[in-house]
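>>> only geometry, no sequence info:
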């Protein structure tokens with residue numbers, strides 16, 4: 001496996017913390033961070049520092065998304081995005097970006113097979129490779 005960035009490592013650690021990456025990822029897909037499934041990203045006192053810590057990586061993902069889909073990434077957040085804070089200097093938008101960064105990173109890790117490789121079924125049983 002390639003070296004993980006600090007954001008990827010933090011998400012990877014969460015996904016694999018209880019030996020059930022399938023279940024953790026499924027829960028994240030179903031409810032997202034806003035559902036409270038990621039216990040370390042529930043309160044603004046958690047999400048804002050998370051965003052600030054990983055701001056460069058998260059902002060780079062937003063830039064990529066803008067380039068790839070050809071529209072403003074803010075469209076992702078619809079009415080939740082505070083238009084009066086376009087640079088995400090306030091906690092509300094930083095919270096959204098923290099959740100976006102976590103969810104997008106989880107998706108990318110799974111898509112690149114960094115998470116589910118080594119697990120043969122949805123019960124989290126590891127393969128004997």
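Sure, I can see it. Given the structure is predicted, the values throughout are model-derived calculations rather than measurements.

>>> ok, now how distant is the closest residue to residue 90 other than its chain neighbours from residue 57?
Once flanking residues are discounted, residue 90 sits nearest to residue 82: 6.6 Å by CB to CB, 6 or more residues apart in numbering. Where C-beta positions appear, they are placed from N, C-alpha and C, glycine not excepted. Applying CB to CB, to the nearest Å, the value for residue 82 to residue 57 is 22 Å.

>>> and the helix or strand containing residue 66, what's its mean pLDDT?
Using DSSP states H and E, residue 66 sits in helix 55-69. Mean pLDDT, computed over helix 55-69, is 90.

>>> Could you tell me which residues within that helix count as buried?
Under the neighbour-count criterion of 16 or more other CB atoms under 10 Å, helix 55-69 has 55, 57, 58, 61, 62, 65 buried.

>>> does residue 107 count as helix, strand or coil?
Per DSSP: H, G, I helix; E, B strand; the rest coil, the secondary structure class of residue 107 is helix.

>>> quick one: low-confidence ranges for the chain?
In the predicted model of the chain, residues 1-2, 73, 114-129 satisfy pLDDT under 70.

>>> Centroid-nearest residue for this protein?
The centroid of the chain falls nearest to residue 102 when counting by CA atoms, centre = their mean (1.5 Å).

>>> Noted, bye for now.
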